[in-house]
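Chemist: Predicted model and sequence below, questions to follow.
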Amino acid sequence: MGSYLRPTEIRDALCALGAGPRAILAGGTDFYPARVGRTIDEDILDITALPLAGIDDGGDHWRIGALTTWSELIAAPLPPCFDALKLAAREVGGVQIQNAGTIAGNICNASPAADGVPPLLAMDAAVELASVRGERSVALRDFVTGNRQTARAPDELVTAVRVPKPEPGTASLFLKLGARRYLVISIVMVALAIEPDARNQIFRARVAIGACSAAAQRVRALELALIGHPIDAALSTIACAEHLQQVLAPIDDIRGSGAYRSDAALTLVRRALAELGGAMRARAEAERA
Ligand SMILES: Cc1cc2nc3c(=O)[nH]c(=O)nc-3n(C[C@H](O)[C@H](O)[C@H](O)COP(=O)(O)OP(=O)(O)OC[C@H]3O[C@@H](n4cnc5c(N)ncnc54)[C@H](O)[C@@H]3O)c2cc1C
């Protein structure tokens, strides 16, 4: 049996991590399932008493504390650019899981099917890390390095996720395909964020796809191809397949074959473009009327 610590000060937590490896425990919704059938003999650092919850407006960015739960995120008054992340939050397990599971836990667990990662990638999020050596910020795309792999050093604690504020008018959407509607691990998920220009054409687009590669991926070529297009439901007719093929490497597993995932990713991207493009067009027309 290892030792169990539950500090209330961040400094104490960092000192504990600096003194030697410890398994970090937050909401426990990935932690405990990963240890079913075996005795927990590691040294544990329970971080749930640390002051790391809550969402703050940092001026040019939003700061989501590491212990912010999915339920807290859903309830927070946030601008439309957070819609994709809120939609993803509603898809993480059921309400009990959303009440306990944290955003940092989701990205630190680094499952290819982590629902929080594509929306945060589509928001250009960065991860704040702290240790006794100091603090650093790492872009999420560089933080999740592979299947269950991150750039976190053993003595580092994730303290927050930082989201830069996009231009006003930016809207976003998240779509998830699972084997059933609720309480399901993703087969494919797509997060899309669109920033319009004054003529309601695409000024900037961000597309991220999860569960189709070891770590969720942005589709830069498609993002570039979308620039300048009028924002409406016809966005779904833009050629996407080649761009997706360049970055996706879906595997065959119990939830679906690689070929099925590729096909589903294409369908979901087209659907997301049609839904978000159509909704933004309708909103722009309503504002003009
Ligand atoms: C029934 C069930 C259904 C689920 N459904 C979904 C789903 O649909 N979609 C989905 O994406 N996930 C799902 N999950 C997984 C899980 O709920 C989420 O990934 C959740 O966000 C994890 O957060 P947590 O606080 O519980 O993390 P924990 O389980 O406490 O920790 C997860 C990992 O992150 C590390 N960690 C946690 N916080 C930090 C930190 N601040 N700094 C450094 N390391 C840290 C831990 O050491 C551990 O390795 C499900 C889980 C269950 C049990």
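Modeler: The structure has been received and is ready for your questions.

Chemist: Show me which residues of the stretch 151-289 of the chain sit near the ligand.
Modeler: Listed as neighbours of the ligand in the stretch 151-289 of the chain under the rule C-beta under 6 Å from any ligand atom: 152, 157, 158, 185. Any C-beta I mention is one placed from the backbone N, CA and C, and that applies to glycine too.

Chemist: try it again with 8 Å
Modeler: When proximity is defined as C-beta under 8 Å from any ligand atom, the stretch 151-289 of the chain approaches the ligand at 152, 156, 157, 158, 159, 178, 183, 184, 185, 186.

Chemist: And the buried ones among these, selectable in ChimeraX?
Modeler: Entered in ChimeraX, the line below selects the buried ones among these, by 16 or more other C-beta atoms under 10 Å:
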select :152,156,157,158,159,178,185,186
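
Chemist: For the ligand, state which of the residues of the stretch 151-289 of the chain next to the ligand is nearest.
Modeler: Nearest to the ligand among these: residue 158, at 3.5 Å, using C-beta to the nearest ligand atom.

Chemist: my guess is the closest one contacts residue 125, does it?
Modeler: No: the criterion here is C-beta atoms under 8 Å, and residue 158 misses it with residue 125 at 11.8 Å.

Chemist: So for the closest residue to the ligand within the stretch 1-150 of the chain, what's the pLDDT?
Modeler: Going by C-beta to the nearest ligand atom, the ligand is nearest to residue 105 of the stretch 1-150 of the chain, at 2.2 Å. We have a pLDDT of 98 for residue 105.

Chemist: And it, how far from residue 150?
Modeler: Taking C-beta to C-beta, to the nearest Å as the measure, residue 105 falls 12 Å from residue 150.

Chemist: Now do the strands in the stretch 101-250 of the chain.
Modeler: 126-131, 134-139, 144-146, 149-150, 157-164, 171-177, 188-196, 202-210, 217-218 (DSSP state E, counting those that start in this stretch).

Chemist: among the ones you listed, which is the most enclosed?
Modeler: Most buried of these, by mean neighbour count (mean count of other C-beta atoms under 10 Å): strand 188-196, with a mean of 28.

Chemist: could you give the angle of that one to strand 171-177?
Modeler: Relative orientation of strand 188-196 and strand 171-177, computed by axes from the mean of the first three to the mean of the last three C-alpha atoms, to 10 degrees: 170 degrees.

Chemist: between strand 188-196 and strand 202-210, how many degrees?
Modeler: Using the same axes, to 10 degrees, the direction of strand 188-196 lies 170 degrees away from that of strand 202-210.

Chemist: Now do strand 188-196, average pLDDT.
Modeler: On average, strand 188-196 scores 97.

Chemist: Neighbouring strands of that strand in the sheet, and parallel or not?
Modeler: According to DSSP bridges, strand 188-196 forms sheet pairs with strand 171-177 (antiparallel), strand 202-210 (antiparallel).

Chemist: Now the first one - C-alpha only, CSV.
Modeler: As requested, C-alpha coordinates have been extracted for strand 171-177 and formatted as CSV (Å, rounded to 0.1, in the frame of the first residue of the first chain):
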residue,chain,number,x,y,z
ALA,A,171,-19.3,30.0,-33.5
SER,A,172,-18.6,26.3,-32.9
LEU,A,173,-20.1,22.9,-33.1
PHE,A,174,-19.2,19.3,-31.8
LEU,A,175,-20.6,16.1,-33.3
LYS,A,176,-20.0,12.7,-31.9
LEU,A,177,-20.7,9.3,-33.4
